[in-house]
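Could you look at this predicted model? Sequence included:
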Amino acid sequence: MKRTAFTAIANLLSLSLSSQQFPSPKMEDSAAGKPKKSGPRQCCICNQKRAALKRPKTLEQICRECFYEVFEEEIHQVIVENQLFKPGERIAIGASGGKDSTVLAYVLSELNKRHNYGLDLFLLSVDEGITGYRDDSLETVKRNEMQYGLPLKIVSYKDLYGWTMDEIVKMIGLKNNCTFCGVFRRQALDRGAALLKVDKLATGHNADDIAETVLLNILRGDIARLSRCTSIVTGEDGPIPRCKPFKYTYEKEIVMYAYFKRLDYFSTECIYSPNAYRGFAREFIKDLERIRPRAILDIIKSGENFRISTSTKMPEQGTCERCGYISSQKWCKACVLLEGLNRGLPKLGIGRNRGVHNNQKDINPSNGTKSIESKQCGTLDF
């Protein structure tokens with residue numbers, strides 16, 4: 001089942017040219033003798049080689065070599081124009097083994113050598129403890145480590161929090177499991193990045209992901225996240241900034257790049273996420289893209305241009321009293337969710353404004369350093 005869905009997309013996008021290359025001869029041509037034959041369309045960039053695909057982003061018909069070049073050059077320009085990296089920096093690449101992170105690792109490695117970025121690159125993976133999914137994808141990441149020559153660090157939910165996602169789902173079911181996984185994964189990446197002592201964390205979030213997030217934040221009325229979800233660099237006020245080199249890169253083009261380059265990636269969907277709320281926004285974005293390919297970039301542009309009213313009260317950033325992680329509440333969301341799990345009340349931290357902050361008088365928070373390297377949620381006494 002590996003690569004099946006994404007390979008199908010790449011094949012459809014590539015082979016769609018064949019139905020357009022040879023228009024039917026017109027009836028009037030027969031009167032003049034032999035019907036005129038239309039030759040294969042040439043690449044609109046080099047005008048030398050035969051077009052092999054139609055770019056989903058621009059609808060240009062180009063050859064593979066020109067596609068590789070423009071794909072990589074666009075990412076390079078995003079990096080340069082937004083000053084994402086500085087020479088000598090240590091950069092962790094969030095690696096799941098999927099198409100986005102695999103292509104990101106490959107392209108960043110290539111651009112780093114080609115343009116002399118001067119970066120030290122690392123792969124950082126999170127093992128959520130999902131049998132039959134994450135264990136298989138981590139095998140792909142380990143192969144990527146050897147293929148690209150990039151050191152790999154793996155952190156696990158079990159070590160950090162004392163729980164695996166299999167255990168969490170067994171307790172809470174499939175309805176809210178993505179809430180737990182999203183919160184824990186974000187913090188796990190930061191903790192892993194801190195262990196690697198990196199300067200930034202690069203993630204494979206693409207244009208489709210960002211457009212989905214804009215819509216989700218509007219639907220949820222989440223003003224705080226809406227104001228920052230289109231930023232190419234986030235978390236500058238936190239322990240480790242994150243950047244998104246694929247901010248303007250379409251998911252379909254990432255799929256095609258991985259397919260044509262024959263990159264080693266894992267494409268099975270998470271077994272616990274078929275009914276995730278984000279999935280509905282994703283389907284809506286795909287419908288819009290079919291009608292108007294630029295819709296994805298237009299949604300991102302709209303998100304960038306949103307202005308939050310000065311009268312809107314925004315949460316103040318602080319640190320969690322339990323583990324020292326960034327939080328706008330006394331306890332970070334991970335600690336709140338873990339409190340519920342360890343008390344046998346898994347729904348305790350689900351939903352906005354819920355939590356255990358009013359029941360902390362019988363609990364003595366641990367004192368100590370605020371460094372997220374030295375304080376692990378899973379090892380605290382709940």
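Looks like it arrived, so ask away.

Got the confidence number for residue 73?
pLDDT recorded at residue 73 is 97.

Report the secondary structure element holding it.
Using DSSP states H and E, residue 73 sits within helix 64-81.

what about the strands in the protein?
Using DSSP state E, the strands of the chain run over 53-54, 61-62, 90-94, 120-127, 152-156, 200-202, 233-234, 242-243, 318-319, 326-327.

Can you list the strands that the first one pairs with?
Strand 53-54 has the following sheet partners, assigned by DSSP bridges: strand 61-62 (antiparallel).

just to revisit the earlier point, any chance of the strands of the chain in CSV, with mean pLDDT, distance to residue 297 and mean neighbour count too?
Heads up, the C-betas are built off the backbone N, CA and C, glycines and all. CSV is the format used below for the strands of the chain (pLDDT from 0 to 100; distance: least, C-beta to C-beta, whole Å; neighbours: other C-beta atoms under 10 Å):
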stretch, mean pLDDT, distance to residue 297, mean neighbour count
strand 53-54, 92, 17, 21
strand 61-62, 94, 19, 22
strand 90-94, 97, 23, 23
strand 120-127, 97, 28, 23
strand 152-156, 97, 33, 18
strand 200-202, 97, 21, 24
strand 233-234, 92, 19, 16
strand 242-243, 96, 19, 23
strand 318-319, 84, 35, 14
strand 326-327, 82, 30, 18
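
Out of these, flag the one nearest residue 212.
Of all these, strand 233-234 sits nearest to residue 212, with 16.0 Å by C-beta to C-beta.

centre of the chain versus that closest one, how much separation?
13 Å (C-alpha atoms, centre = their mean, to the nearest Å).

Could you list every helix and strand that that strand packs against?
strand 242-243 (3 or more C-beta pairs under 8 Å, 6 or more residues apart in numbering; DSSP states H and E).

just checking, what packs against the strand it packs on?
Contacts defined by 3+ C-beta pairs under 8 Å, 6+ apart place strand 242-243 against strand 200-202, strand 233-234.

out of the strands of the chain, nearest to residue 273?
When those are compared (using C-beta to C-beta), the closest one is strand 120-127, at 14.9 Å.

That closest one pairs with which strands, and in what direction?
By DSSP bridges, strand 120-127 pairs with strand 90-94 (parallel), strand 152-156 (parallel).

rewinding a little: okay if I get the strands of the chain as CSV plus distance to residue 227?
Output for those, formatted as CSV (distance: least, C-beta to C-beta, whole Å):
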stretch, distance to residue 227
strand 53-54, 36
strand 61-62, 37
strand 90-94, 23
strand 120-127, 27
strand 152-156, 29
strand 200-202, 21
strand 233-234, 11
strand 242-243, 16
strand 318-319, 18
strand 326-327, 16
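
so which of those strands comes closest to residue 223?
Using C-beta to C-beta, these put strand 233-234 closest to residue 223, at 15.8 Å.

ok, residues contacting the closest one?
Strand 233-234 is contacted by residues 82, 84, 228, 241-244 when judged by C-beta atoms under 8 Å, 6 or more residues apart in numbering.

Quick check: the farthest pair among those residues?
Once C-beta to C-beta is applied, the contacts of strand 233-234 give 84 and 228 as the farthest pair, at 16.3 Å.

what about those two, which has more around it?
Shown here are residue 84 and residue 228; by other C-beta atoms under 10 Å, residue 84 has more neighbours (20 against 13).

Counting by contacts, list what the longest helix seen in the chain packs against.
In the chain, taking DSSP state H as the definition, the longest helix is helix 177-196. Applying 3+ C-beta pairs under 8 Å, 6+ apart, one finds that helix 177-196 makes contact with strand 90-94, strand 120-127, strand 152-156, helix 157-161, helix 165-172, strand 200-202, helix 333-343.

Contact partners for residue 235?
Applying C-beta under 8 Å, 6+ apart, we find residue 235 in contact with 241-242.

Can you give me the pLDDT of it?
For residue 235, the model assigns a pLDDT of 85.

Please tell me how far it sits from residue 315.
15 Å (C-beta to C-beta, to the nearest Å).

again, but for residue 223
Using C-beta to C-beta, we find residue 223 at a distance of 10 Å from residue 315.

So for the two, which sits in the more crowded spot?
Neighbour totals were compared for residue 223 and residue 315, and residue 223 leads with 16 against 10 (other C-beta under 10 Å).

Apart from its chain neighbours, what residue comes closest to the most centrally placed residue in the chain?
For the chain, residue 205 is the residue whose C-alpha lies nearest the centre (C-alpha atoms, centre = their mean; 2.9 Å). The shortest distance from residue 205 to any non-neighbouring residue, by C-beta to C-beta, 6 or more residues apart in numbering, is to residue 244 (4.7 Å).

One more: residue 251?
Among residues not flanking residue 251 along the chain, residue 208 sits closest, at 4.2 Å (C-beta to C-beta, 6+ apart).

residues in contact with the one you found?
Counting by C-beta under 8 Å, 6+ apart, residue 208 has contacts 250-251, 282, 285, 296.

same thing but 7 Å
250-251, 285, 296 (C-beta atoms under 7 Å, 6 or more residues apart in numbering).
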